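# Fold the following and give me the result.
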Amino acid sequence: MTPTDLSLRQADDDDLPVVAELYLAARRAAPMPPSVHSDADVRAWVTSWDLTAREVWLAEAEGAPAGFANLTSTWLDGLYVAPDRQGRGAGSSLVDLAKTLRPAGIGLWVFEVNEPARAFYRRHGFVELERTDGSANEERAPDIRMVWPGTDPLGCYRALIDEVDDALGELLARRTALTRVVQEHKRAASSPLDPAPDPARDAEREAEIVARVAALAPELGRDRVGRIVHAIISESLAAARDRA
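Got it, this is the predicted structure:
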C-alpha cells in the first residue's frame, strides 16, 4: 500500500532535472562504487532521456520529490529514493508499481556490494540469477542480475532459458565454423609427404579452455565444464571431418 503522504505520477520532460538531483543524492548515499561521471554529465544524461522509450515514475511526499523509478519494457533501469525518505515506503511503493506495470516480469542489475538494495529487492520477490566480475559495467565492479518472475514464474524462467538457448545455438554455430577453418588450415599447412587429415587434439589447449570456461560458470564446476567442452570439441571436429 502506498503511504498516505505519498503520491505517484508519471514524470514528463520538465521533471527530469528533479529526477537527476534525486539520482545524484541517492547514489551518493548508497554503498555503491563511485560514479565515473561528473555531476554535470549525469544531469545532462538524465535530462536527455527519451520518455517515449521509457517510463519514469516520480514519488512525491507533501509535494516534494521522494524518489523515482525508471522502466523500460523489460528492465527496471533504476530505482532511487531521496536519502531522507528511505525506509518510509517510497521505494516499496515504486517497486510495487513497477511490478503492476510489468506483470510478465522485470529484471534489474545491482552492485554486489550494495547489500541493502539486494535485501530490499529480495523482500519484494526478486531472485538473484547471475553474478558478473564487473568487466561489462563502467565502474568495473561486480554486479548481480535480479529478476521478478511476474505472475507466471515458470513461463518467465522458461522465456529466459529460451534466450540463453538461442545464444548458445549461435555460439555453437560459430565454434563449429571456427573448428572447421582451423582443421582446413592444418591440412593445408601439412607436408604432402606427411599429410594430417585428422590432426591430433591438443590436450594442453583444451585444459586451458576448460579452466577459462569453468571460471565463467562456477556453479557447474570444472568437471562438468570439462565434459561439456570435450563434447563440443568432439562434435565440432566430427562435423569438420564430415564436411571435408
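# check which helix or strand covers the one residue sitting closest to the centre of the chain.
In the chain, the C-alpha closest to the average C-alpha coordinate belongs to Arg145, at a distance of 4.9 Å (C-alpha atoms, centre = their mean). With secondary structure defined by DSSP states H and E, Arg145 is part of strand 143-148.
# Buried residues in the top helix by length along the chain, which are they?
In terms of residue count, the longest helix belonging to the chain (DSSP state H) is helix 153-189. Counting neighbours by 16 or more other C-beta atoms under 10 Å, one finds that the buried residues in helix 153-189 are Cys156, Tyr157, Leu160, Thr176, Thr179, Arg180, Gln183. Placement of C-beta: from N, CA and C, glycine included.
# Stretch 112-129 too?
Glu112, Asn114, Ala117, Arg118, Phe120, Tyr121, Phe126.
# Repeat that for stretch 67-81.
Under 16+ other C-beta under 10 Å, the buried positions of stretch 67-81 are Gly67, Phe68, Ala69, Asn70, Leu71, Trp75, Leu76, Asp77, Gly78, Leu79, Tyr80, Val81.
# Output the buried residues of helix 153-189 as CSV; include the columns distance to Ile232.
Supplementary listing: these in CSV, determined by distance: C-beta to C-beta, whole Å:
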residue, distance to Ile232
Cys156, 28
Tyr157, 25
Leu160, 22
Thr176, 9
Thr179, 9
Arg180, 13
Gln183, 15
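# ok, so of the residues you listed, who is nearest Ala90?
Cys156 (26.3 Å; C-beta to C-beta).
# For Pro65, see how far away the residue nearest to Pro83 when sequence neighbours are not counted is.
With C-beta to C-beta, 6 or more residues apart in numbering as the measure, Ala29 is the residue that lies nearest to Pro83, at 4.2 Å, once sequence neighbours are left out. Separation of Ala29 from Pro65 (C-beta to C-beta, to the nearest Å) stands at 15 Å.
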